[in-house]
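> my questions are about this predicted structure, shown below with the sequence.
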Amino acid sequence: MDIFEVLRTEHEKVNKILEQLQQTSSRATGRREKLLQSLGANLLPHMYAEEQCFYQILLDETSEQEDVYSALEEHRAATMVLSDLTDAATDDPRWMARLKVLKELIEHHVEEEESQIFDIAHEVIDKDRSEEVAKRFKEMKKEAPTVMA
Ligand SMILES: [Fe+2]
Ligand SMILES: [Fe+2]
């Protein structure tokens, strides 16, 4: 799989967990906790590795840095909202409100990443390189923090 396929597959997984979270009721506290843990375990290493070995290439080798910096700020925002969501009691009415904000943020981010950011990346990452980047991405994920700093 090349880096674009790897990222798309991981985006689908994260979006699916967000859908599942949205369908939980405030009584399903155990399920909310379990799904939230799975969200963090998928999302945090994804963003970390993406920044280290995908965005970094774009910052180093392309002139279109504005979109990359916006995407980086969206990662920061998602991390903060995820942290707030984790802090909220699963049966608190604010819990679902925070989840909705996080879900919208991530859906928007993924949409832009797979369009604008991928377009920029295709200018400097050809087929051979994209498989190399995918390998590094997977290595980098192992080093990534899985809990919030
Ligand atoms: Fe991503
Ligand atoms: Fe991202």
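Cool, the structure landed. Ligands and ions are numbered 1, 2, ... in the order given.

> can you tell me the closest non-neighbouring residue to the residue in the chain sticking out farthest from the centre?
Largest separation from the mean C-alpha position in the chain: residue 27, at 27.2 Å (Cα atoms, centre = their mean). Among residues not flanking residue 27 along the chain, residue 91 sits closest, at 7.3 Å (Cβ to Cβ, 6 or more residues apart in numbering). Just so you know, the C-beta spots here come from the backbone N, C-alpha and C atoms, and that holds for glycine as well.

> mind listing what that neighbour touches?
Counting by Cβ atoms under 8 Å, 6 or more residues apart in numbering, residue 91 makes contact with 26, 27, 29.

> near ligand 2, which residues of this protein?
50, 113 (Cβ under 5 Å from the ion).

> for the chain, just list every one of the helices.
Listed in chain order, the helices of the chain (DSSP state H) span 3-22, 29-50, 56-61, 65-87, 93-112, 118-124, 127-143.

> buried deepest among the ones you listed, which one?
helix 29-50 (a mean of 18; mean count of other Cβ atoms under 10 Å).

> surely residue 96 and residue 26 touch.
Yes - taking Cβ atoms under 8 Å as the definition, residue 96 is a contact partner of residue 26 at 7.3 Å.

> returning to that earlier point: can you redo the contacts of residue 91 as TSV with pLDDT?
Below are these laid out as TSV (pLDDT from 0 to 100):
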residue	pLDDT
26	92
27	94
29	94
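
> quick one: which of these is nearest residue 106?
Minimum distance to residue 106 across the contacts of residue 91 is 21.4 Å, recorded for residue 26 (Cβ to Cβ).

> now residue 110. Nearest residue, chain neighbours left out?
Among residues not flanking residue 110 along the chain, residue 11 sits closest, at 4.7 Å (Cβ to Cβ, 6+ apart).

> before we move on, what about residue 55?
Once flanking residues are discounted, residue 55 sits nearest to residue 68: 5.4 Å by Cβ to Cβ, 6+ apart.

> my read: that neighbour touches residue 118, true?
No - between residue 68 and residue 118 there is no contact under Cβ under 8 Å: 11.8 Å.

> this completes my enquiry, with thanks.
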